[in-house]
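> sequence first, predicted coordinates after that:
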Amino acid sequence: MNLTSPRRSGPNDDETTAPVELPHVLVTVAADGTLTAMVDGAPFASPDAIVWTRATFGPLMDAITKDRTIAVRVEVRESDGSVFTDILRTRKPRRTAALSATPVPETRRSRHARRVPRLAEVTADGFVPGEDVAVATIVSHTDATGTGEARALIDLDDLADGTSHEVILFGRISGTLAVRRLT
């Protein structure tokens, strides 16, 4: 018995929703760590004619999703028989405010209201290139670079003063977990 009503779209719903039918990506991992990829049943070859490996999983997903402009359903079949399934959603486009033709005059209050963020950088190695890396106390997310390094900038004014803070970087694919203390 369904106790909730179906969700109906409204005027404030995000316009960048995924299509009803997502492309199905099947990645098979061989015992030697090489990957073969199929998109909706068709083989997906490397544009550089290189062999896909675990280390190139991020670039593989970027190539298939066209740098995350297309949402896909991913199924990874490991050589030991285990299966992992996930949906890679599109990244939300960054919205920029349109510049006004006439500049708004600056007031004394607006000059004093500006706040310069106090930032702290947190880095760690061991991530799969391109993987989504969670930054906890979850204040933001970042992506691993092509070398597998993740970088996050933390606005210290968003954290409570007078206490010691730790930041966790968690690789969603690799399971890499790094705990760093903010100083």
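Done, it's in. None of these values were measured; they are calculated from a predicted model.
> ok, then the element right after the longest helix seen in the chain?
The longest helix of the chain (DSSP state H) is helix 57-64. Next in sequence after helix 57-64, counting helices and strands by DSSP states H and E, comes strand 72-77.
> show the contacting residues for residue 50.
residue 56 (CB atoms under 8 Å, 6 or more residues apart in numbering). Yep, even glycine has a C-beta here, placed from its N, CA and C like the rest.
> helices along the protein, start to end?
Counting by DSSP H, the helices of the chain are 57-64, 108-113.
> rank the ones you listed by pLDDT, which is bottom?
Least confidently modelled of the helices of the chain is helix 108-113, at a mean of 61 by mean pLDDT.
> so residue 120 sits against residue 154, correct?
Yes - using CB atoms under 8 Å, residue 120 makes contact with residue 154 at a distance of 4.7 Å.
> overlap in contacts, these two.
Residues touching both residue 120 and residue 154 (CB under 8 Å, 6+ apart): residue 182.
> neighbour count: these two, which is higher?
The neighbour comparison of residue 120 against residue 154 (other CB atoms under 10 Å) goes to residue 154, with 21 against 15.
> quick one: the strands in this structure?
24-29, 34-39, 42-44, 52-53, 72-77, 83-88, 119-124, 132-136, 140-143, 150-155, 165-171, 177-182 (DSSP state E).
> output the first one as CSV, restricted to C-alpha atoms.
The C-alpha coordinates for strand 24-29 follow below in CSV (Å, rounded to 0.1, in the frame of the first residue of the first chain):
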residue,chain,number,x,y,z
HIS,A,24,23.1,2.2,-19.3
VAL,A,25,26.9,1.9,-18.9
LEU,A,26,28.3,-1.5,-18.2
VAL,A,27,31.9,-1.6,-17.1
THR,A,28,33.5,-5.1,-16.7
VAL,A,29,36.7,-5.4,-14.7
